[in-house]
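>>> The amino acid sequence is not available; the structure is as follows:
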Ligand SMILES: Cc1ncc(COP(=O)(O)O)c(C=O)c1O
């Protein structure tokens, strides 16, 4: 669905042009759902989403009424017990999964441990000679760390590729599981989920997708792609708040056949029978472990609602069209207006290959430039490079609360930081713990 007039987008030459685009944007009303601080252009929704206006009020109700007055009765009376499934059903609508196939629970790292383990168990039964997990060296580190922990415990191997072009070679007769993040956290490059899953299945490899930078930002069709497992984050584009519960999905063809290893009582078929033996629940509920964070789930529920509010306006397809327009415009304006200052656009130019972020590289000043921008109210973040990869200024574009004037103004601030050499100031060059 195309909600943006392409001609008007290509013709943008000024802040006024951007304001005109905003005035005609059918999604512009979604912004009202958020508490955006005055004077801030927030380009970090890929790291921590903005707080929905509904969240503080909901948390007041959950604390003062449900907890304060209802006390333990609220597990039943306020529906606390069903929250992981209820919020999971809402998330399912954003990722091409069915009702009853997703639960919101635990962290992304923990959910990855569960599904990776289940996928390995599946291969142990079906193809025991397959002993390798394949992933990308540039995958988000927690994904690699979780895989490293598992292989150490269970005697598997981890094979890391440096380029997606190496995939066909890596998916050999020993490969058991392919573990990929759909949209790369550093570059914003996006895999073709359907094509990669098909290629892996064709050679007997199961696929686990990390949707941390996809859910709520780009279209995902897990069932259509016939993926095996997926996990993702609640505090990024889903706006669930710091440390929000994550989510987990297993394809219905696998869900009852395999177990996840964290066999806590919430994943039991009948937790309140208090039997001594573990019997996994039917369906995705077996991916729960212990008592859930009700406050976290309530806040996540509000966050997910802000995206479902786009459904009458075209849903994820409309959000995607706007996101591509925002990221495409940002990349073009950086090229045109900031030329000659050593910045390069690292994210793919081609729409089909780009998630909802634009990353820029700079040889010496990426960290300081991000700090100088933050001092001006333009909040992005920095990701350190190494000998093989450049330092990165990372800008996420959440289409539910950003507009085209934000893009123009962000680039204008960046230009000022560069032209005035602001980033060279000492106060922008000392590293904070969280970058
Ligand atoms: C791709 C990816 N996976 C996982 C995580 C984080 O996992 P957790 O929420 O367990 O810290 C991130 C965080 O930025 C991420 O980018």
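On my side now, so go ahead. Note that the structure is a prediction, hence the values are computed from the model and not measured.
>>> which SSE is residue 85 in?
helix 83-92 (DSSP states H and E).
>>> swap that for residue 208, please
Residue 208 is part of strand 206-210 when elements are defined by DSSP H and E.
>>> Toward the C-terminus, what is the element adjacent to that strand?
Using DSSP H and E, the helix or strand that directly follows strand 206-210 along the chain is helix 222-225.
>>> Tell me the gap between that next one and the middle of its chain.
Its chain's average C-alpha position is 17 Å from that of helix 222-225, according to Cα atoms, centre = their mean, to the nearest Å.
>>> And for residue 63, the neighbour number?
Neighbour count of residue 63, defined by other Cβ atoms under 10 Å: 13. To be clear about C-beta, it is placed using only N, CA and C from the backbone, and glycine gets the same treatment.
>>> Excluding chain neighbours, what is closest to it?
Sequence neighbours aside, residue 295 is the residue nearest to residue 63 in space, at 7.3 Å (criterion: Cβ to Cβ, 6 or more residues apart in numbering).
>>> neighbours of the one you found, just the number please.
Residue 295 - counted by other Cβ under 10 Å - has 16 other residues nearby.
>>> Tell me, what's the model's pLDDT at it?
Note on residue 295: pLDDT of 98.
>>> residue contacts, it?
Neighbour list for residue 295: 59, 62, 63 [criterion: Cβ atoms under 8 Å, 6 or more residues apart in numbering].
>>> In helices, which of those appear?
Members of the contacts of residue 295 lying in helices (criterion: DSSP state H): residue 59.
>>> And the contacts of residue 295, which is closest to the ligand?
Nearest to the ligand out of those is residue 59 (Cβ to the nearest ligand atom; 20.2 Å).
>>> Could you tell me how many residues sit around that closest one?
Count around residue 59 with other Cβ under 10 Å applied: 16.
>>> before we move on, what about the one 3 residues further on?
The local packing count at residue 62 equals 22, with neighbours defined by other Cβ under 10 Å.
>>> Disregarding flanking residues, what is the spatial nearest neighbour of it?
Using Cβ to Cβ, 6+ apart, the closest residue to residue 62 is residue 298 (4.7 Å).
>>> Next, find the distance separating the closest residue in space to residue 46 that isn't next to it in sequence from residue 188.
Leaving out its chain neighbours, the residue that sits closest to residue 46 by Cβ to Cβ, 6+ apart is residue 396, at 2.9 Å. As for residue 396, its distance to residue 188 is 8 Å (criterion: Cβ to Cβ, to the nearest Å).
>>> anything in contact with each of these two?
With Cβ under 8 Å, 6+ apart, residue 396 and residue 188 have common neighbours 356, 357.
>>> and stretch 163-183, what's its mean pLDDT?
97.
>>> What are the buried residues along it?
Judged by neighbour count (16 or more other Cβ atoms under 10 Å), stretch 163-183 contains these buried residues: 164, 167, 170-171, 174-183.
>>> Could you list the residues in contact with stretch 268-285?
The list of residues contacting stretch 268-285 from outside it, by Cβ under 8 Å, 6+ apart, reads 84-85, 88, 100-103, 248-250, 255-256, 259, 263, 265-267, 286, 288.
>>> where does the chain come near the ligand, residue by residue?
107-109, 140, 142-143, 181, 185, 210, 212-213, 233, 246 (Cβ under 6 Å from any ligand atom).
>>> any idea which of those residues has the most stuff around it?
Counting by other Cβ under 10 Å, residue 246 has the largest number of neighbours within those, with 30 neighbours.
>>> Disregarding flanking residues, what is the spatial nearest neighbour of that residue?
Of all residues not flanking residue 246 in the chain, residue 108 sits nearest, at 4.2 Å (Cβ to Cβ, 6+ apart).
>>> what's the answer for residue 44, then?
Once flanking residues are discounted, residue 44 sits nearest to residue 379: 5.0 Å by Cβ to Cβ, 6+ apart.
>>> got a list of what the one you found touches?
Applying Cβ under 8 Å, 6+ apart to residue 379 gives the contacts 40, 41, 42, 43, 44, 373.
>>> Now a PyMOL select for only the buried ones of those.
Here is the PyMOL command that picks out the buried ones among these, judged by 16+ other Cβ under 10 Å:
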select buried, resi 41+42+43+44+373
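>>> Sort out which of the contacts of residue 379 are in strands and list them.
41, 42 (DSSP state E).
>>> what does the average pLDDT come to for the strand holding residue 208?
Strand 206-210 carries an average pLDDT of 98.
>>> what packs against it?
Helices and strands touching strand 206-210, by 3 or more Cβ pairs under 8 Å, 6 or more residues apart in numbering; DSSP states H and E, are helix 108-126, strand 175-181, helix 193-202, strand 229-232.
>>> hmm, back to that, reformat the buried residues of stretch 163-183 as CSV; add distance to residue 151.
Shown next, in CSV, are the buried residues of stretch 163-183 (distance: Cβ to Cβ, whole Å):
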residue, distance to residue 151
164, 22
167, 19
170, 15
171, 17
174, 13
175, 13
176, 10
177, 11
178, 14
179, 11
180, 17
181, 18
182, 22
183, 25
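>>> what two of these are the furthest from one another?
Across those, the longest distance by Cβ to Cβ is 27.6 Å; it joins 174 and 183.
>>> Report the contact partners of whatever residue of the stretch 201-350 of the chain ends up closest to the ligand.
Of all residues in the stretch 201-350 of the chain, the one sitting closest to the ligand is residue 212 (3.5 Å; Cβ to the nearest ligand atom). Residue 212 makes contacts with 108, 140, 181, 183, 185, 232, 233, 236, as judged by Cβ under 8 Å, 6+ apart.
>>> This completes my enquiry, with thanks.
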